[in-house]
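>>> pasted the sequence and its predicted model underneath.
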Amino acid sequence: MHDEITLQINLSPGDISYAMFTVPALIKKHNFIKKRLLIVDCTKPQKTKIVDPKKRFPEPHFQEKVEKIKEIAEHFKSEGLVSDVFYLTPKHPIIDKLSKKYLNSWYAHTHDYGGCANMSYWAFLELPKTKYVLHFDGDMLMYQNQNYSWVEEGISCLEKNANAIAVVPSLCPNLDDIIVSNDQWAETKNYTHYWEDGFFSTRCMLIDKERLIRFLPLMKGKILVETLAVRLLNRGYPRSPEIVMTHSVGGNGGTRLILKNQNAFLLHPLTKPTEYINLLPQIIHCIDNNNIPNEQFGYENIMLDAWVKYLAH
């Protein structure tokens, strides 16, 4: 089974301040997976109604950050932490291929309306040749008991649920009352070992590529109509991969499973101020040992103030 999984992590120039901490930590928890791919997005967001790349990503600073994230990626490869690195560069021929396969050639922008990644997410589905792809954004944090594999439980649950396209570990640490997450907004169905919903977060997913095929191309039906409308109104265009997948897969019967097992859970920083970066090695160490501030229980997004107080004692 392990040969049928690719561990894939997305990086961009915005990750240079913490990738050296987060990527090895994620790989360590999944070191039984031998196919490990880094996708490094070296493209600059295009201009949208709310993003001016000349101001937000000025040169030569942006290219300097691109070179730095490349150095980090090559370091990971030289150390054997990853087996492959793919650099998504402007005008790379794969962009048109991804646009055609996943978006029905309706647009080929590298980023969404808010300046977040677009094409690098479709690339993580396309490049691995395995049945399963385990994807993480480069800023994700995770706890996993050393005697437990959430991936194995997740695949077992997928195999028993024909509608499920993807599975994730618990979205947050829990105490006595097991909840999805106080940060979760999507409606869920409650089952014995997992919740089920139709939301597809690009932060993390273990996805069955073979099951995804029947939904391709994703840009059709209601999401296509919505996309054409926002393009005409110049509001919220291009759509994000999360929106596209949630409407096209979740809106047509495909589901995501969220495991309840507290032997593994995710955490995610919504913002990354200097204080967070400085504390990150300590935060990762605490998470690895399942030492969590009380205020963090029930929330997937990092409660930085709680961590500051927790680590001060």
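Yep, that arrived. A quick note: this is a predicted structure, and the numbers were derived from the prediction, not measured.

>>> tell me, how many residues neighbour residue 59?
10 (other C-beta atoms under 10 Å). Where C-beta positions appear, they are placed from N, C-alpha and C, glycine not excepted.

>>> looks to me like residue 205 is in a helix.
No. Read with DSSP: H, G, I helix; E, B strand; the rest coil, residue 205 is strand and lies in no helix.

>>> got a list of what it touches?
134, 135, 166, 167, 168, 256 (C-beta atoms under 8 Å, 6 or more residues apart in numbering).

>>> how about a cut-off of 6 Å?
For residue 205, the contact set (C-beta atoms under 6 Å, 6 or more residues apart in numbering) comprises 135, 166, 168.

>>> with residue 102 instead?
Counting by C-beta under 6 Å, 6+ apart, residue 102 touches 122, 217, 218.

>>> from residue 58, how far out is the residue nearest to residue 110 when sequence neighbours are not counted?
In this structure, residue 110 finds its nearest non-sequential neighbour in residue 43, 4.1 Å apart by C-beta to C-beta, 6 or more residues apart in numbering. Distance of residue 43 to residue 58, computed by C-beta to C-beta, to the nearest Å: 16 Å.

>>> show me which of those two is the more surrounded one.
Taking other C-beta under 10 Å, residue 43 and residue 58 do not tie; residue 43 has more neighbours (22 against 9).

>>> which of the helices or strands spans the more buried one?
For residue 43, there is no host helix or strand (DSSP states H and E).

>>> and it, what pLDDT?
The model reports residue 43 with a pLDDT of 98.

>>> was I right to think it contacts residue 108?
No. Assessed by C-beta atoms under 6 Å, residue 43 is found out of contact with residue 108, at 11.2 Å.

>>> how about the strands in this protein?
5-11, 35-41, 84-88, 132-137, 141-144, 164-168, 189-190, 194-197, 204-208, 255-259, 264-267 (DSSP state E).

>>> the fifth one: partners in the sheet, and parallel or antiparallel?
So that's strand 141-144. According to DSSP bridges, strand 141-144 forms sheet pairs with strand 264-267 (antiparallel).

>>> pull the contacting residues for the residue nearest to residue 110.
88, 90, 110.

>>> what sits against the spatially most central residue of the chain?
Taking C-alpha atoms, centre = their mean as the criterion, residue 203 is the residue nearest the geometric centre of the chain, at 2.4 Å. Residues in contact with residue 203 (C-beta under 6 Å, 6+ apart) are 137, 140, 268.

>>> distance of the closest residue to it other than its chain neighbours relative to residue 298?
In this structure, residue 203 finds its nearest non-sequential neighbour in residue 137, 5.1 Å apart by C-beta to C-beta, 6+ apart. Per C-beta to C-beta, residue 137 is found 21 Å from residue 298.

>>> residue ranges in the chain under the pLDDT threshold?
Where the chain drops to pLDDT under 70, the residues are 1.

>>> now the helices for it?
19-28, 53-56, 61-78, 94-103, 119-126, 150-159, 209-212, 221-233, 241-248, 274-288, 304-312 (DSSP state H).

>>> one step back: pipe the contacts of residue 203 into a markdown table and attach neighbour count and distance to residue 229 per row.
Shown next, in a markdown table, are those (neighbours: other C-beta atoms under 10 Å; distance: C-beta to C-beta, whole Å):
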| residue | neighbour count | distance to residue 229 |
| --- | --- | --- |
| 137 | 19 | 28 |
| 140 | 19 | 32 |
| 268 | 19 | 30 |
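
>>> how about stretch 129-148 as CSV, C-alpha atoms only?
Listed next in CSV are the C-alpha coordinates belonging to stretch 129-148 (Å, rounded to 0.1, in the frame of the first residue of the first chain):
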residue,chain,number,x,y,z
LYS,A,129,1.8,8.8,-10.6
THR,A,130,0.5,6.9,-7.5
LYS,A,131,-3.1,6.1,-6.7
TYR,A,132,-3.0,8.3,-3.5
VAL,A,133,-1.4,11.7,-3.0
LEU,A,134,-0.9,13.0,0.6
HIS,A,135,-0.7,16.7,0.2
PHE,A,136,0.4,19.3,2.8
ASP,A,137,0.8,23.1,2.5
GLY,A,138,4.3,24.0,3.7
ASP,A,139,3.1,25.8,6.8
MET,A,140,1.1,22.9,8.3
LEU,A,141,1.8,21.5,11.8
MET,A,142,0.8,18.0,12.9
TYR,A,143,0.8,15.7,15.9
GLN,A,144,0.9,11.9,15.4
ASN,A,145,1.4,9.2,18.0
GLN,A,146,4.5,7.2,17.1
ASN,A,147,2.5,4.0,17.3
TYR,A,148,-0.3,5.2,15.0
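
>>> show me how far it is from its chain's centre.
10 Å (C-alpha atoms, centre = their mean, to the nearest Å).

>>> what are the buried residues along it?
130-144 (16 or more other C-beta atoms under 10 Å).

>>> ok, of those residues, which one's closest to residue 7?
residue 134 (5.0 Å; C-beta to C-beta).

>>> no further queries at this time; thank you.
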